[in-house]
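A.B. asks: only the shape, not the letters, is given here:
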């Protein structure tokens, strides 16, 4: 059997969401559920203007 690791926030020690963001709204490192501030790291999915490449 494998043990499932529960990753926790480094500030408030609450469990993180599946995408690695803190879910505690009183925490300094909290990000809202729909907030996607991180840009895509894969440059092949979209160009600078935001349209998909073919």
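C.D. replies: That came through fine. Quick caveat: nothing in here was measured; it's all calculated off a predicted structure.

A.B. asks: so what's the residue count around residue 22?
C.D. replies: Residue neighbour count, defined by other Cβ atoms under 10 Å, stands at 20 for residue 22. Placement of C-beta: from N, CA and C, glycine included.

A.B. asks: how close does it sit to residue 12?
C.D. replies: 7 Å (Cβ to Cβ, to the nearest Å).

A.B. asks: list the contacts for residue 7?
C.D. replies: Shown in contact with residue 7 (Cβ atoms under 8 Å, 6 or more residues apart in numbering): 15, 16, 20.

A.B. asks: pull up the overlap in contacts between residue 22 and residue 12.
C.D. replies: In contact with both residue 22 and residue 12: residue 29, using Cβ under 8 Å, 6+ apart.

A.B. asks: report the buried residues of stretch 21-39.
C.D. replies: Buried residues in stretch 21-39, counting neighbours by 16 or more other Cβ atoms under 10 Å, are found at 21, 22, 30, 31.

A.B. asks: quick one, what contacts the nearest residue to the third one once chain neighbours are set aside?
C.D. replies: Which is residue 30. Spatial nearest neighbour of residue 30, chain neighbours left out: residue 22 (5.0 Å); criterion: Cβ to Cβ, 6 or more residues apart in numbering. Listed by Cβ under 8 Å, 6+ apart, the contact partners of residue 22 are 9, 11, 12, 14, 16, 29, 30, 31.

A.B. asks: and with 6 Å instead?
C.D. replies: By Cβ atoms under 6 Å, 6 or more residues apart in numbering, the contact set of residue 22 is 9, 29, 30.
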